[in-house]
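Chemist: This is a predicted model, with the sequence first.
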Amino acid sequence: MPFTLPQLPYAPEALEPHIDAATMQIHHGKHHKAYVDNANKALEGNAFAAQDPADVIRKLAEVPEDKRGAVRNNLGGHVNHSMFWALMAPAGKGGGGAPTGALANAINTAFGSFESFKEKFQGAGLGRFGSGWAWLVLNAGKLEVVSTPNQDNPLMGRSIAGCEGTPILGCDVWEHAYYLKYQNRRADYLSAWWNVVNWGAASERYAKAGGK
Ligand code: MN3
């Protein structure tokens, strides 16, 4: 079965005013769709096309060399964006606030406080030159903040992505994620983004990753 574009779990305008409807429509319907289409093109007729996309990017080194670059960028993009939509929710309706339970405790242990975690995460997003992602990952039982270029994902491993771990939270810092509303003001986008973070979804990812 080919890779498919997941539906947004909310209306495109549901994240306003923090993320505008036009950005969501183009980001999901054009950018993410192109990653899906190009990943399908790259892996057409290949056994990897029937596998879980996250599993495929985990073993990128096994993908035939002539397809590896296209899979890294496009299947990486598909995995990253599928996760990104699910990690957001309308402000006050599942989005915003602060983490609770085990994830909240682990964030306090790893970073001192929720506030210092947010500073570190925003720093990772701001410090990423050009296009990429800021991540909160669970790596060997510990939470870490990392960032990757382009559509790399920590699941690809240190030798490819420059970092490793299971993503708990990820924020797209490509200009296409914020330019229509925020233009060059990536810091403003990152500050506003906390209003739509779905901490319930992040907690589920944390538990599934084996976080305690
Ligand atoms: Mn994007």
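Modeler: That came through fine. Numbers count the residues shown, from 1 in each chain.
Chemist: Show me the residue at the heart of this structure, geometrically.
Modeler: The centroid of the chain falls nearest to residue 170 when counting by CA atoms, centre = their mean (3.5 Å).
Chemist: Now do that residue against residue 191, distance only.
Modeler: 17 Å (CB to CB, to the nearest Å). Every C-beta, even on glycine, is put in place using the N, C-alpha and C of the backbone.
Chemist: The residue nearest to the centre of the chain falls within a strand, correct?
Modeler: Yes. Residue 170: assigned to a strand according to DSSP: H, G, I helix; E, B strand; the rest coil.
Chemist: And it, how close does it get to residue 83?
Modeler: 6 Å.
Chemist: do residue 51 as well
Modeler: From residue 51 to residue 83 the distance is 17 Å (CB to CB).
Chemist: again with residue 169
Modeler: For residue 169, the distance to residue 83 - CB to CB - is 9 Å.
Chemist: does residue 135 count as helix, strand or coil?
Modeler: Per three-state DSSP, residue 135 ends up strand.
Chemist: number of nearby residues for the residue in the chain positioned nearest to the ion?
Modeler: The nearest approach of the chain to the ion comes at residue 172, 4.2 Å away (CB to the ion). For residue 172, the neighbour count with other CB atoms under 10 Å is 23.
Chemist: secondary structure element for the nearest residue to it once chain neighbours are set aside?
Modeler: Spatial nearest neighbour of residue 172, excluding adjacent residues (CB to CB, 6 or more residues apart in numbering): residue 84 at 5.5 Å. Assigned by DSSP states H and E, residue 84 belongs to helix 65-86.
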